[in-house]
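A.B. asks: attaching a predicted model along with its sequence, questions to come.
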Amino acid sequence: MSASRSFWRRGDQEVSLARLYVMRAVALLAIWGLFEIVETLFVHSPMDRGVHKALIAALWLLAFLAFRYPLKMVPLLLFETVWKIIWLLAFGLPQWWSGVGSPRLSEDLWSIGAFPIVCLLVIPWNYVWRHYVTAPAERWR
Amino acid sequence: MATTAASIPAAPADGKLSPLRLNVMRVIYFAIAFLEGSQVVPALFVHEPTARGVIPALLSGFCLTCVLGLRYPRQMLPLLMFEMAWKYIWFFAFGLPQYLSGQLPATFGEDFPAIGFGVVIMPFVLPWGYIWRHYVKAAGDRWR
């Protein structure tokens, strides 16, 4: 009974054990889901710009760290949330509403546009509030 | 003993970084957030109606998140690690092979100096000792 309670509750820890598992699951999902782009680092057209692939490959690499240290890697989850919301507001939703969009719009709406919802559920907001908002700024001198 | 200790810049204790290091990191967060930001954010507002938009959104999101690094440079370190990682990956998987082969995409002239600059300076910005202690040797977050 108490074991199950301590799984769901934070107690004197930073976040609950359940939260850590969910964050790790997202890291695993990233490792699994982004791998197909990582493969293209080695096999690509010689004229490929490559910026998108390099950005995604770096996220894939850091997802391993996020699996081991979910809390320390929270900034990456914040970044994921922010860029995907930006994409939705600047590209995804306007294109969806206007009916004129990129050829990959419907695929991207799922793979990019739906992810902020996952992030909003997964990020430990209380922890973010304590450590990234109300905590005193790190020293200047 | 005391003289030696005083003549050497205070070695940061475990878990801390010197103010110099924190401020160097802040300079980079600032450069990403505002200098790079001013280059990439306009593409969110002015673009082809059918643009896919992934690169402008990724870069703008990164610039925006880096604003938090000004207040918490140490806690936001994963962002600088990301910055170094993607630039090195691009350099070795795309930039350098393209430069050597002479087959250059239209964006190469803009990308190579911008990303190459990061490749040169990021190793000097990242606090490697701290990363080693906190992101490699430290025990992972708990499992039970």
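C.D. replies: It's in. Numbers count the residues shown, from 1 in each chain, chains lettered A, B, ... in the order given.
A.B. asks: hang on, B:Leu70 packs against B:Ala33?
C.D. replies: Yes - the criterion here is C-beta atoms under 8 Å, and B:Leu70 meets it with B:Ala33 at 7.2 Å. The C-beta positions use only the backbone N, C-alpha and C, and glycine is treated the same way.
A.B. asks: now do the helices in chain A.
C.D. replies: In chain A, the segments counted as helices under DSSP state H are A:2-8, A:17-33, A:35-39, A:51-68, A:74-87, A:93-98, A:105-108, A:115-122, A:125-132.
A.B. asks: so where's chain B uncertain?
C.D. replies: Counting by pLDDT under 70, chain B contains low-confidence ranges at B:1-15.
A.B. asks: can you pull out the helices in it?
C.D. replies: Defined through DSSP H, the helices belonging to chain B, from first to last, are B:2-7, B:19-30, B:37-40, B:42-45, B:54-71, B:77-90, B:96-101, B:108-125, B:128-132.
A.B. asks: who are the neighbours in contact with the closest residue to B:Trp86 other than its chain neighbours?
C.D. replies: Counting by C-beta to C-beta, 6 or more residues apart in numbering or on different chains, A:Ala58 is the residue found nearest to B:Trp86 once chain neighbours are left out, at 3.6 Å. Counting by C-beta atoms under 8 Å, 6 or more residues apart in numbering or on different chains, A:Ala58 touches B:Phe82, B:Ala85, B:Trp86, B:Ile89.
A.B. asks: returning to that earlier point: columns mean neighbour count and distance to A:Leu17 on top of the helices of chain B, output as TSV?
C.D. replies: As requested, the helices of chain B are exported to TSV (neighbours: other C-beta atoms under 10 Å in any protein chain shown; distance: least, C-beta to C-beta, whole Å):
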stretch	mean neighbour count	distance to A:Leu17
helix B:2-7	8	42
helix B:19-30	18	32
helix B:37-40	15	38
helix B:42-45	14	39
helix B:54-71	21	27
helix B:77-90	22	22
helix B:96-101	13	44
helix B:108-125	15	35
helix B:128-132	13	26
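A.B. asks: skipping adjacent residues, who's closest to the residue of chain B at minimum distance from chain A in space?
C.D. replies: When distances are taken as C-beta to the nearest C-beta, chain B reaches nearest to chain A at B:Gly61, 2.5 Å away. In space, B:Gly61 comes closest to A:Trp83 once its chain neighbours are excluded; the distance is 2.5 Å by C-beta to C-beta, 6+ apart.
A.B. asks: thought the one you found was touching B:Pro56?
C.D. replies: No - look at A:Trp83 against B:Pro56 with C-beta under 8 Å: they stay out of range, at 9.5 Å.
A.B. asks: list the buried ones in stretch A:15-28?
C.D. replies: Within stretch A:15-28, the residues that qualify as buried are A:Val15, A:Ser16, A:Leu17, A:Arg19, A:Leu20, A:Val22, A:Met23, A:Arg24, A:Val26, A:Ala27, counting by 16 or more other C-beta atoms under 10 Å in any protein chain shown.
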